[in-house]
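Novice: Provided below for reference: sequence and predicted model.
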Amino acid sequence: MNFQVATMLSDILKSLFKRPITENYPYERRSTPDRLRGQLAWNPEKCTGCNLCSKDCPSNAIEVITIDRKAKRFVMEYHADRCTYCAQCVQNCRFDCLSLSHEHWELAALSKQPFNMYYGKAEDVQTHRKKLAESKMPKPDPVTA
Amino acid sequence: MLALEKFIVPIGPQHPALKEPGHFEFAVDGETVTSVNVRLGYVHRGIEKATEDRNWAQNLYLLERICGICSHTHALCYSLGVEALAEVTAPPRAQVIRSLVAELERVHSHFLWLGVAAHEGGFDTLFMYSWRDRETIMDVLEGLTGNRVNYSANVLGGVKFDVDEKQRAAIQRGVDYLEERTHHYYKVVTTDSTFIRRTRGVGTLTTAQAEHVGVIGPMARASGIARDVRVDAPYAAYNLFPVNVVVETAGDLEARFVVRLKELLESYRLIREMVDNLPPGDLTVRMPRKVKEGEAISRIEAPRGEAFYFIKSNGGEKPERVKVRTPSLCNFMSIIATAPGHQLADMPMILAGIDPCFSCNDR
């Protein structure tokens, strides 16, 4: 048998004179591809509140809350921690309201709170959050009251 | 009396040689293995049952997450089955893109296997360099679909994205580089004397044995059985782009290396043909929310062999039953057939040779 060893030595020697293949993230960043699926973006202008996006969401990450359908006042509650970034919601939307950003993808956080995002007009979000806070308020204790 | 007792070496479920949990009992006589017992099911997540609680579109993403390596395989197999039930056919352009992503995934999976198998054989240089080169295909997939794994390329009734001129150039550049590297690795695994001593004549599965235990995929093709779903029952765009089945007859570990590396070259050819001959047209067709009552079987060639889906619908928005059988289950039997008579030190190599995917297998 033809005796051959160290058949990959040439690769190793070549690599000695090359820059490391690894990147020094986060100090060096390569640009992300245009199709990268990051944080969800929502355009409330065109939304009709049809809820097709949340119907097919595999992880229940989005809720569209209707404040006033006639006046087109909607709030979107987006749970980035549940999202699987599959873009089914983008596919489902008939009015092109949804997109996944390729710029905002570093979403790590130390607490759960930043993952709950509210999209919509500031006043609508405030109305929704107020209602939410009210519904979560503990009922007065019948004994002390 | 003592000499007649079997000495059993247990490996797993938690063991440094295993990347995923599985339990193996090797009965040994000195260093020689006399029999093997395999126990699986440690990563059972109840995915099949969970599908019954989600609608047809949601299940696509749940099933895609059965396996991180061959995620597109699962999504594609499920989509084809559901589309058959709903009597919907994806447009030709979508079919070709589905096959294109499947081939790109095969390339990344075979490169991954090459690295893992080399690592188990103690050839870590090959492991490091093949995984460095694998990044090329991961970048191509990321650019094409937006994700390195779990591409979510499929929707029911088509695909999500198109292949434009920029993607085409990136794919061709990546494939050109990988083809050159694959020829190099082919030379390494077939000429390096130290490595050949770990692969040639080790874990030999004869054609008769292979038929008997029912192995599939590259394992069967390394044992001289020309069995490939892409040829036997073409799906997606494989009737437009016929596959030349790679068959080796030796049946040992070296043949498994050769088959998978030659399959890579075949995949490059298919990828080039597909990106050059993309039919024009739409990417999706309309899919009903409720799928007609009935049963469907869908088979596709995953990187490890034939993946099989049985889907039953009762006419509603959710499936009544989804049964998944992945190729690893069929191939595990070959370990029991080939291991006896080998040294205990050969076991990691023999196990890695079948390219086991425990999480696919257990679901």
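Specialist: Cool, the structure landed.

Novice: From here on, just use CA atoms for contacts and neighbour counts.
Specialist: Fine.

Novice: Output the below-cut-off pLDDT ranges for the stretch 51-200 of chain B.
Specialist: Across the stretch 51-200 of chain B, nothing is flagged by pLDDT under 70.

Novice: got the residue ranges for the helices in it?
Specialist: Assignment of helices within the stretch 51-200 of chain B using DSSP state H, counting those that start in this stretch yields the ranges B:56-64, B:71-86, B:92-120, B:124-145, B:165-191, B:193-199.

Novice: Nearest to chain A, out of the ones you listed?
Specialist: helix B:56-64 (4.4 Å; CA to the nearest CA).

Novice: Just checking the distance from that closest one to the centre of its chain.
Specialist: 19 Å (CA atoms, centre = their mean, to the nearest Å).

Novice: before we move on, what about stretch A:38-45?
Specialist: The answer for stretch A:38-45 is 9 Å, by CA atoms, centre = their mean.

Novice: Is any residue of it near chain B?
Specialist: No - figure legend: stretch A:38-45 not in contact with chain B (CA under 8 Å from any CA of the partner chain); closest approach 9.1 Å.

Novice: what's the first-to-last distance across that stretch?
Specialist: This stretch, stretch A:38-45, spans 21 Å end to end (CA to CA, to the nearest Å).

Novice: Next: stretch B:326-345.
Specialist: Note: stretch B:326-345 ends 28 Å apart using CA to CA.

Novice: Run a quick neighbour tally on the residue in chain B positioned nearest to chain A.
Specialist: Residue of chain B nearest chain A, by CA to the nearest CA: B:G146 (3.8 Å). A count of nearby residues for B:G146, using other CA atoms under 10 Å in any protein chain shown, gives 25.

Novice: Export the helices of the stretch 51-200 of chain B to JSON lines and append columns for mean neighbour count.
Specialist: Listed next are those as JSON lines, based on neighbours: other CA atoms under 10 Å in any protein chain shown:
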{"stretch": "helix B:56-64", "mean neighbour count": "23"}
{"stretch": "helix B:71-86", "mean neighbour count": "25"}
{"stretch": "helix B:92-120", "mean neighbour count": "23"}
{"stretch": "helix B:124-145", "mean neighbour count": "20"}
{"stretch": "helix B:165-191", "mean neighbour count": "16"}
{"stretch": "helix B:193-199", "mean neighbour count": "19"}
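
Novice: Which one of those lies nearest to A:T66?
Specialist: Across the helices of the stretch 51-200 of chain B, A:T66 has its closest neighbour in helix B:56-64 (23.5 Å, CA to CA).

Novice: now the angle from the closest one to helix B:71-86?
Specialist: 150 degrees (axes from the mean of the first three to the mean of the last three CA atoms, to 10 degrees).

Novice: list the helices and strands helix B:56-64 packs on?
Specialist: helix B:47-51, helix B:71-86 (3 or more CA pairs under 8 Å, 6 or more residues apart in numbering or on different chains; DSSP states H and E).

Novice: what residues are up against residue 51?
Specialist: No chain specified, so I'll use chain A. A:63-64 (CA atoms under 8 Å, 6 or more residues apart in numbering or on different chains).

Novice: should've been chain B
Specialist: B:59, B:62, B:318-319, B:321-322.

Novice: which of those residues sit farthest apart?
Specialist: The most widely separated members of these are B:L62 and B:R321, with 14.1 Å between them, by CA to CA.

Novice: how about the residues of chain B near chain A?
Specialist: B:54-55, B:57-59, B:61-62, B:125-126, B:132, B:142-147, B:151-152, B:155, B:160, B:188, B:191-194.

Novice: if we can go back for a sec, take the helices of the stretch 51-200 of chain B and write them to CSV, including distance to B:L40.
Specialist: Formatted as CSV, the helices of the stretch 51-200 of chain B follow (distance: least, CA to CA, whole Å):
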stretch, distance to B:L40
helix B:56-64, 20
helix B:71-86, 20
helix B:92-120, 20
helix B:124-145, 27
helix B:165-191, 31
helix B:193-199, 26
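
Novice: Doesn't B:E25 lie inside a strand?
Specialist: Yes - under DSSP: H, G, I helix; E, B strand; the rest coil, B:E25 falls within a strand.

Novice: ok, what's across the strand from it?
Specialist: B:P10, B:N37 (DSSP bridges).

Novice: surely it meets B:L40?
Specialist: No - in this structure, B:E25 is not within contact of B:L40 by CA atoms under 8 Å, at 11.6 Å.

Novice: Quickly list what's touching both of those two.
Specialist: Overlap of the contact sets of B:E25 and B:L40 (by CA under 8 Å, 6+ apart) is empty.

Novice: ok, now which ones touch B:E301?
Specialist: Taking CA under 8 Å, 6+ apart as the criterion, B:E301 is in contact with B:73, B:217, B:228-230, B:307.
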